[in-house]
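Undergrad: okay, predicted coordinates and the sequence, questions at the end:
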Amino acid sequence: MSEAPSLPCQPHIHDHRYFSSRWRLLFAFLTQAAFFVAEVVGAWLTNSLALLADAGHMFSDVAALGLSLVALHVATRPPTAKKTYGYHRLEILAALVNGIALWAMAGYILWEAHTRFFAPPPVKSLPLLIIATLGLGVNLVGAWVLYPTRERGLHLRSAFLHLAADSLGSVAAIAAAVAILWRGWYWFDPLAAVMVAVLILVGSWRLVLDAADILMEATPRHLDLEEVEAALRAHPGVAGIHDLHIWTIASGLYALSAHVVVQDRQDRDCLIWELEELLRQRFGLEHTTLQVEGPGYHNPCICSLPHLSARR
């Protein structure tokens, strides 16, 4: 059996990109937290469900950004004897909690909107318009700040999606204010709230599914398990492959394990090295554990990779 490569303590966390991610998250967190208070007060003063929905979504933004900050910090801790993968998956848990919180908020908004459709209360449209416009500005600035970090982890993507969806929620609140101010359509306020709820559900669906797939150790979507198995079987020294598993440890960190049945008189060390190179070059799999089975002899050889070179 080849020695399982030790997982790095995520060295890229020390480069400028991750320091950049921290200050971007902190900036977005502080601005969202400050304006959340303003929107709650504004929703109470204007009696607007659309603004309350936007404030609720903004509260989930604050929670999402706070969890992402914690996850980004804790994930830098090195592995321990009890947590051999370190804290990489904390970001996945944070993303899952964020998505479920969004679903709960959307459910509340839909329920409250249902009661208001038939007897819409009066809404103070001008203060609603002012507060919603300011909220849109805050959300757009926060989304712009987080945009460069959206591919650096699932928790960072969840934070960006929160702000992007909340920007659309602010647009819905502005539309409600204009409809009430211009036409006196108070029913447009719960309609705008429903639009916000739908945006929340649509935006968080993929996030929750991605987090659940990682926690269930599903095969990463960009990899085809059958294709990987066929590539391993194609090696002239391999007689068979079984118990093949590929899973995601955290965003961008993938692992593979498999049992490899070797041909007779096959040098095992040479074979394992060649298979690891194949997985690294063709599929980007760095963390592999291959267990060799079957008869074999340890004969010194110089490993050549003509079959790998042909695939480059």
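TA: It's in.
Undergrad: what comes into contact with stretch 163-176?
TA: Among residues not part of stretch 163-176, those counted as contacts by Cβ atoms under 8 Å, 6 or more residues apart in numbering are 28, 32, 48, 50-51, 53-54, 57-58, 61, 123, 128-129, 132-133, 135-136, 139-140, 142-143, 146, 188-189, 191-193, 195-196, 199-200, 203-204. All C-beta spots, glycine's among them, are computed from the backbone N, C-alpha and C.
Undergrad: please repeat the previous calculation with a cut-off of 6 Å.
TA: Contacting residues not belonging to stretch 163-176 are listed as 50-51, 54, 57-58, 61, 132-133, 135-136, 139-140, 142-143, 188-189, 192, 195-196, 199-200, 203 [Cβ atoms under 6 Å, 6 or more residues apart in numbering].
Undergrad: now stretch 212-219
TA: So stretch 212-219 is contacted by 92, 225, 246-248 (Cβ under 6 Å, 6+ apart).
Undergrad: for these, give me CSV that also has neighbour count.
TA: Output for these, formatted as CSV (neighbours: other Cβ atoms under 10 Å):
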residue, neighbour count
92, 25
225, 13
246, 22
247, 15
248, 24
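Undergrad: what's the domain layout of this structure?
TA: Following automatic domain parsing, the chain resolves into domains at 11-215, 225-309.
Undergrad: show me the helices in the protein, by range?
TA: 16-46, 49-74, 90-117, 125-146, 154-183, 188-215, 225-233, 268-283, 306-309 (DSSP state H).
Undergrad: format these as a markdown table; extra columns: distance to residue 253.
TA: Shown next, in a markdown table, are those (distance: least, Cβ to Cβ, whole Å):
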| stretch | distance to residue 253 |
| --- | --- |
| helix 16-46 | 14 |
| helix 49-74 | 14 |
| helix 90-117 | 10 |
| helix 125-146 | 21 |
| helix 154-183 | 11 |
| helix 188-215 | 10 |
| helix 225-233 | 17 |
| helix 268-283 | 14 |
| helix 306-309 | 24 |
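Undergrad: what would the ones you listed look like in TSV with distance to residue 258 and mean pLDDT?
TA: Shown next, in TSV, are the helices of the chain (distance: least, Cβ to Cβ, whole Å; pLDDT from 0 to 100):
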stretch	distance to residue 258	mean pLDDT
helix 16-46	32	78
helix 49-74	31	76
helix 90-117	24	82
helix 125-146	38	85
helix 154-183	26	79
helix 188-215	20	83
helix 225-233	7	93
helix 268-283	9	89
helix 306-309	18	51
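Undergrad: residue 80: which of these is closest?
TA: Evaluated with Cβ to Cβ, the helices of the chain place helix 49-74 nearest to residue 80, the distance being 12.4 Å.
Undergrad: from the contacts of stretch 212-219, which is closest to residue 283?
TA: When the contacts of stretch 212-219 are compared against residue 283 (criterion: Cβ to Cβ), the nearest one is residue 246, at 8.6 Å.
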